[in-house]
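Return atomic coordinates for the entry below.
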Amino acid sequence: MRFLKKLFSAFLLSVTLISGLSTMSVGQSSRDQLEKDKKANQDKINQIQGVLKKTSSQKNVNLKQLQVINSQINAQKKQIGLLNDDLKLLDRELATLGLERRKLDQDMERLKKEYAKMIYEASKRTTSLNNLIFLFSANTFNQFVLRYKYLKQYTDARQSQAKQMEALKVQIAAQHERITAKKTQQKTILDDRMAEAQKLSTMHEQKNAVVAELSKQESELRAELEKSRRQAAMLERSLKEIIERERRERLAREKAARERAERERAAREARGEEPAPVSEAEKLDLSGMTDEEVKLASSFTASKARLPWPVRGFVTDHFGRQAHPVLKGIIVDNLGVDIQTNAGEPVRAVYDGLVLDVNNMPGYGYVVAVQHGDYMTVYAKLKNASVRPGQRVKARENIGVVATNGEGTSELQFQVWKNTTKLNPESWLIRR
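This is a model prediction of the structure:
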């Protein structure tokens, strides 16, 4: 009986090891996310290449071409990084598979030894007569029953042991196939990484050629930069005037509402009436926003990093202060982000709001400002605008079409403000 208990323990251990193979699926979520990221980044690379092909068809090189090449290089570096992550994940998967394979081999050896013991025990009773003698030599009926159960359990255990050994053989073969497949996959990714690295080298050569060509145009670049700075300053002043105008109107509404509420309260007290419930006017916060505007601002805040992109494309010029891509020692300042796209792409509002202003400005084409409580999003460099001031818009609603300049560049300037503070739009948009 003690032998059967040992055998049963070995059986449980083998079942545990076999079921442990299901843990291989734990890393599947990491694998799925990695494949998703690789595909999304490859789609971005393809989109950048499409835009670059159109802009590079122009006779003269320009800064926008250089920005697209820089975006392409960054995306290519990311793709190589994702491939490196893929290789690391495969290394971990192979290590886990190898460990499981070793455990299965050990379990098979253990089962073989236990099975050999059973065969040896069985060889002592090679005939049915021996079994009958074993049964009928019992001193009592209870002992006879116990001996019968023992023989049955012994037979069942042998059959179960044989099945477990067959199952383990199948598992070992499957594990071998998994390891072989992973090694093949690893070789493919290594080849892909080498190919992507070669592409990156070609891109750097292309960038250096464009920079060298642009460096010959220093005087033109400086003149263009100065013009851009004047236009940006004009746009910033215009936006701040809009914000200030809206602030004054809010404060005026708040003051008038509170004065009305105060007069109504005084009149009720003069008549000896109970004080009136707090009015909507008195619910205005210190900034003069209504309950609806406060809720809108709060929900906009909660949507940080989850806002949809205003146009299909990729960022070529980031927010804030950064070095000029060609002119050494020159710092440029971007009010928002520049998103390059294809000609004729529709521009969409990123959130529900109220159109504050639609204007046509030098260097920026049509500019649409949409209010979201005490936030404001700005969409510049539009060919046309399909909304008007005072109109309410919904998230993802078309507000215009992106413009294409004389160099063939289709680009949206997108900004996010909170009152008079400029914010980094990339931290508000959903990650791509």
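
care to break the protein down by domain?
Following automatic domain parsing, one gets these domains for the chain: 2-215, 220-427.

just the helices in the stretch 151-300 of the chain please.
218-270, 291-302 (DSSP state H, counting those that start in this stretch).

Quickly, which of those helices bottoms out on average pLDDT?
With a mean of 87, helix 218-270 has the lowest mean pLDDT of the helices of the stretch 151-300 of the chain.

so how far is that one from its chain's centroid?
36 Å (CA atoms, centre = their mean, to the nearest Å).

and what of stretch 365-383?
Taking mean C-alpha positions (CA atoms, centre = their mean), stretch 365-383 and its chain are 26 Å apart.

follow-up on the earlier one: can you tell me which of the helices of the stretch 151-300 of the chain is nearest to residue 405?
Closest to residue 405 of the helices of the stretch 151-300 of the chain, according to CB to CB: helix 218-270, at 12.0 Å. C-beta coordinates here come from the backbone N, C-alpha and C atoms, glycine included.

what's that closest one packed up against?
When contacts are defined as 3 or more CB pairs under 8 Å, 6 or more residues apart in numbering; DSSP states H and E, helix 218-270 packs onto strand 353-361, strand 365-372, strand 375-385, strand 410-418.

just the angle between that helix and strand 410-418, please?
40 degrees (axes from the mean of the first three to the mean of the last three CA atoms, to 10 degrees).

Just want the angle from helix 218-270 to helix 291-302.
Calculated by the same axes, to 10 degrees, helix 218-270 forms an angle of 140 degrees with helix 291-302.

before we move on, the earlier item: need the winner for burial among the domains of the chain.
Most buried of the domains of the chain by mean neighbour count (mean count of other CB atoms under 10 Å) is domain 220-427; its value is a mean of 16.

For that one, measure first residue to last.
The first and last residues of domain 220-427 sit 33 Å apart, counting by CA to CA, to the nearest Å.

any idea how far it is from the chain center?
Mean-position distance between domain 220-427 and its chain equals 26 Å (CA atoms, centre = their mean).

Begin at 20 from now on, thanks
Will do, 20 is the new start, and the previous item becomes domain 239-446.

Relative to its centre, which residue of this protein is most distant?
Outermost residue of the chain with respect to the C-alpha centroid, by CA atoms, centre = their mean, is residue 158; its distance is 75.8 Å.

Quick check, pLDDT for that residue.
Note on residue 158: pLDDT of 71.

Report the contact partners of residue 244.
By CB atoms under 8 Å, 6 or more residues apart in numbering, residue 244 lies in contact with 343, 346, 349, 351.

before we move on, what SS does the residue farthest from the centre of the chain have?
Of the three states, residue 158 takes coil according to DSSP: H, G, I helix; E, B strand; the rest coil.

And it, how far from residue 168?
Distance, residue 158 to residue 168, by CB to CB, to the nearest Å: 16 Å.

Also residue 349?
Separation of residue 349 from residue 168 (CB to CB) stands at 93 Å.

now do residue 280
91 Å.

cool, and residue 328?
Applying CB to CB to residue 328 and residue 168 gives a distance of 73 Å.

What of residue 98?
Distance from residue 98 to residue 168, counting by CB to CB: 66 Å.

same thing with residue 384?
Per CB to CB, residue 384 is found 92 Å from residue 168.

likewise residue 290?
As judged by CB to CB, residue 290 and residue 168 stand 99 Å apart.

How about residue 50?
Distance of residue 50 to residue 168, given as CB to CB: 49 Å.

How about residue 265?
90 Å.

now swap in residue 287 and tell me
95 Å.

repeat for residue 403
According to CB to CB, residue 403 and residue 168 sit 90 Å apart.

same deal with residue 244?
In this view, residue 244 and residue 168 are 95 Å apart by CB to CB.

doesn't residue 375 make contact with residue 412?
No. The pair residue 412 / residue 375 is not scored as a contact, 11.0 Å apart, by CB atoms under 8 Å.

overlap in contacts of those two?
Here residue 412 and residue 375 have residue 389 as joint contacts, going by CB under 8 Å, 6+ apart.

mind listing what the closest residue to residue 410 other than its chain neighbours touches?
Counting by CB to CB, 6 or more residues apart in numbering, residue 410 lies nearest to residue 374, which is 4.6 Å off, once chain neighbours are set aside. Taking CB under 8 Å, 6+ apart, we find residue 374 in contact with 387-390, 406-412, 418.

Let's see that with 6 Å instead.
Applying CB atoms under 6 Å, 6 or more residues apart in numbering, one finds that residue 374 lies in contact with 389, 406, 408, 410.

so residue 334 is in which element?
strand 333-336 (DSSP states H and E).

what residues does that strand touch?
63, 67, 86-87, 90, 353, 356-359.

let's see 7 Å
63, 66-67, 86-87, 90, 353, 356-359, 445 (CB atoms under 7 Å, 6 or more residues apart in numbering).

ok, then the element right after that strand?
strand 339-342.

which residues sit against that following strand?
Contacts for strand 339-342 (CB under 7 Å, 6+ apart): 350-353, 443.

what do you get if the cut-off is 10 Å, keeping everything else the same?
Strand 339-342 is contacted from outside by 348-356, 441, 443, using CB atoms under 10 Å, 6 or more residues apart in numbering.

And stretch 92-103, by the same measure?
With CB under 10 Å, 6+ apart as the test, stretch 92-103 has contacts from 53-54, 56-68, 208-209, 211-216, 218-223, 225-226, 333-334.

could you redo the last one with a cut-off of 8 Å?
53, 56-57, 60-61, 63-64, 67, 208, 211-212, 215-216, 218-219, 222-223, 226, 333.

What average pLDDT does it get?
88.

and if you look at stretch 409-424?
Stretch 409-424 comes out at a mean pLDDT of 96.

likewise stretch 68-86?
pLDDT averaged over stretch 68-86 gives 74.

How about stretch 434-441?
Averaged across stretch 434-441, pLDDT comes to 95.

Just the C-alphas of it, formatted as PDB.
Extracted C-alpha coordinates of stretch 434-441, given in PDB (Å, rounded to 0.1, in the frame of the first residue of the first chain):
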ATOM      1  CA  GLN A 434      -2.400  74.100 -29.600                       C
ATOM      2  CA  VAL A 435      -3.900  73.600 -26.100                       C
ATOM      3  CA  TRP A 436      -4.400  76.500 -23.700                       C
ATOM      4  CA  LYS A 437      -5.600  76.800 -20.100                       C
ATOM      5  CA  ASN A 438      -6.600  80.400 -19.600                       C
ATOM      6  CA  THR A 439      -3.400  82.200 -20.800                       C
ATOM      7  CA  THR A 440      -1.100  79.200 -20.200                       C
ATOM      8  CA  LYS A 441       0.100  77.300 -23.200                       C
END
